[in-house]
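In: Got a predicted structure here, sequence first:
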Protein chains: 2
Amino acid sequence: MAGVEIEKLVQLLAKLPGLGPRSARRAALTMLKRRDTIMIPLAEAIETAAQAVRNCTICGNLDTEEPCNICREPHRDSQIICVVEEVADLWALERSGAFRGRYHVLGGTLSPFQGVGPQDLSIDALVSRAREAQVTEVILALNATVEGQTTGHFIAEQLIDAEVKVTYLAHGVPMGGELDYLDDGTLTAALKARR
Amino acid sequence: MAGVEIEKLVQLLAKLPGLGPRSARRAALTMLKRRDTIMIPLAEAIETAAQAVRNCTICGNLDTEEPCNICREPHRDSQIICVVEEVADLWALERSGAFRGRYHVLGGTLSPFQGVGPQDLSIDALVSRAREAQVTEVILALNATVEGQTTGHFIAEQLIDAEVKVTYLAHGVPMGGELDYLDDGTLTAALKARR
């Protein structure tokens, strides 16, 4: 009903996570209603980011500078490497402000069914980093899913002869969580690890 | 934590309807992961649409051609004008395939509290169109909200001396709707208008 230009825009927007065909149409209409404040600045921001942002060759984080701001930061603890699946997880940990070491982004998890093997993830690079003299601990901050845990065990095996401590995130009751709504696995873990 | 380029991109994405700060970050990361298939085509699609798409000067619909494809279409019934608040409503009606006349997009609803008066909407243009010789009916297909209904009554008053029939969409039970979940107003309307 609208021109091909709008249809094309809606189709591309619908590929973003969180946007279906209907919300993509709403987003396109909002843009067209607010061309100067949203639409044109957004096109420019996407283009700029696409050209300027690169994955850090050390840790895999996204930044415009190489190495990234976290790898460059002199006051962070270089003894600890926190391994995450995706850049989004790194951002989540940074928002919490609870970690002041270095990161390593795997770029996904092992998934034999989807053909994702160790060579498709940044595992070799992690193993080399973990064997550097100053590194004493590798935190496997992977999702508490089957894939995340399998990948964690695989990495731990690769590091079995390296002189580093391999640790995992604790399982337990989320802050504000109600016991009644928690699954049995989490409750069991929280009970076992009681303080 | 990421460069200003990413922050800027996330901020602009978060202004789109349906995207909050968290989903805007996820959308930005998805783009950066799929630069060639989503990110760069999307920037180009936004730019192209921003330049090419215009509001039709007759009905207010969005299209790259002037007048729009609906106003140009020779087989549509020029006797009936369907008045809608936004282009999204026009698209919804077109998807239904139930209407083969012409449209008129108001561009919003009257809202004294937000300072939206008749001069801010495309009401004068509608009144002129409705007074053209061939027009016999104006359908006020406005949202069933206080603002939509107020705007409808205002337009109906403007057309009181024009030789057109002014009609409204029927209220009733939505297809697939369950009576138990319907509000009293809708139930009363459906009962009164029983067939």
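Out: Received, thanks.

In: number of nearby residues for the residue nearest to residue A:105 when sequence neighbours are not counted?
Out: Spatial nearest neighbour of residue A:105, excluding adjacent residues (CB to CB, 6 or more residues apart in numbering or on different chains): residue A:60 at 3.3 Å. C-betas here are computed from N, CA, C, even on glycine. When neighbours are counted by other CB atoms under 10 Å in any protein chain shown, residue A:60 registers 22.

In: ok, now the one 4 residues further on?
Out: For residue A:64, the tally of surrounding residues (other CB under 10 Å) stands at 17.

In: Next up, the contacts around it.
Out: By CB atoms under 8 Å, 6 or more residues apart in numbering or on different chains, the residues touching residue A:64 are A:52-54, B:3-5.

In: Report pLDDT for the residue nearest the centre of chain A.
Out: The centre of chain A sits closest to residue A:86, judged by CA atoms, centre = their mean, with a distance of 2.2 Å. Residue A:86 carries a pLDDT value of 94.

In: give me every residue that touches it.
Out: Residue A:86 is in contact with A:105-108, B:29, counting by CB under 8 Å, 6+ apart.

In: pretty sure the residue nearest to residue A:105 is in a helix, no?
Out: No. Assignment of residue A:60 by DSSP: H, G, I helix; E, B strand; the rest coil gives coil, placing it outside any helix.

In: For it, give its distance to residue B:72.
Out: 52 Å (CB to CB, to the nearest Å).

In: remind me which residues of chain A are low pLDDT?
Out: A:1-2 (pLDDT under 70).

In: So it: which segments form each domain?
Out: Domain ranges of chain A: A:4-52, A:62-192, per automatic domain parsing.

In: List the contacts of the lengthiest strand in chain A.
Out: Taking DSSP state E as the criterion, chain A has its longest strand at strand A:77-84. Outside of strand A:77-84, the residues that reach it under the criterion CB under 8 Å, 6+ apart are A:90, A:93, A:99-106, A:126, A:129-130, A:134-142, A:155.

In: and these, which of them are in strands?
Out: Per DSSP E, the subset of the contacts of strand A:77-84 in strands is A:101-105, A:137-140.

In: Show me how to select, in ChimeraX, the buried members of these.
Out: Selection of the buried residues among those in ChimeraX, burial being defined by 16 or more other CB atoms under 10 Å in any protein chain shown:
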select /A:101,102,103,104,105,138,139,140
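
In: so which pair among the ones in strands among the contacts of strand A:77-84 is furthest apart in space?
Out: Across those, the longest distance by CB to CB is 17.4 Å; it joins A:105 and A:137.

In: need the helices for chain A, in chain order.
Out: A:4-13, A:21-33, A:40-52, A:69-72, A:87-96, A:123-130, A:146-158, A:184-192 (DSSP state H).

In: how many neighbours does residue A:89 have?
Out: Neighbourhood size, residue A:89 [other CB under 10 Å]: 19.

In: oh, I was asking about residue A:97
Out: Neighbour count for residue A:97, taken as other CB under 10 Å: 7.

In: Number of residues surrounding residue A:179?
Out: Counted with other CB under 10 Å, residues neighbouring residue A:179 total 9.

In: right, and it touches residue A:187 too?
Out: Yes. Contact criterion CB atoms under 8 Å: residue A:179 and residue A:187 qualify, at 6.7 Å.

In: Which neighbours do those two have in common?
Out: Residues touching both residue A:179 and residue A:187 comprise residue A:173, with contact defined as CB under 8 Å, 6+ apart.

In: between the ones in strands among the contacts of strand A:77-84, which is nearest residue B:48?
Out: Distance to residue B:48 across these (CB to CB) is lowest for residue A:105, with 33.4 Å.

In: contacting residues for the closest one?
Out: With CB under 8 Å, 6+ apart, residue A:105 has these contacts: A:55, A:59-61, A:84-87, A:89-90, A:122.

In: Name whatever forms a beta bridge with it.
Out: Beta-bridge pairing for residue A:105 (DSSP bridges): residue A:84.

In: Quick check: it vs chain B, distance?
Out: 11 Å (CB to the nearest CB, to the nearest Å).

In: go on, residue A:171?
Out: Taken as CB to the nearest CB, the span from residue A:171 to chain B is 23 Å.

In: can you check residue A:77 too?
Out: In terms of CB to the nearest CB, residue A:77 sits 16 Å off from chain B.

In: same question, residue A:42
Out: In this view, residue A:42 and chain B are 4 Å apart by CB to the nearest CB.

In: Verify the contact between that residue and residue B:11 for me.
Out: No. Taking contacts as CB under 8 Å, residue A:42 lies outside contact range of residue B:11: 9.7 Å.

In: Could you measure from residue A:148 over to chain B?
Out: Residue A:148 is 17 Å from chain B, by CB to the nearest CB.

In: Only C-alpha atoms, please: export stretch A:168-179 in PDB.
Out: Output of stretch A:168-179 as PDB, limited to C-alpha atoms (Å, rounded to 0.1, in the frame of the first residue of the first chain):
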ATOM      1  CA  TYR A 168      32.100 -19.900  37.800                       C
ATOM      2  CA  LEU A 169      29.300 -17.400  38.700                       C
ATOM      3  CA  ALA A 170      27.400 -18.500  41.800                       C
ATOM      4  CA  HIS A 171      23.900 -19.800  41.300                       C
ATOM      5  CA  GLY A 172      21.200 -18.700  43.800                       C
ATOM      6  CA  VAL A 173      18.100 -16.600  44.500                       C
ATOM      7  CA  PRO A 174      18.000 -13.400  42.400                       C
ATOM      8  CA  MET A 175      17.800 -10.200  44.400                       C
ATOM      9  CA  GLY A 176      14.100  -9.500  44.900                       C
ATOM     10  CA  GLY A 177      13.300 -13.000  43.800                       C
ATOM     11  CA  GLU A 178      10.500 -15.000  45.500                       C
ATOM     12  CA  LEU A 179      11.200 -18.600  46.400                       C
END
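
In: Good, wrapping up.
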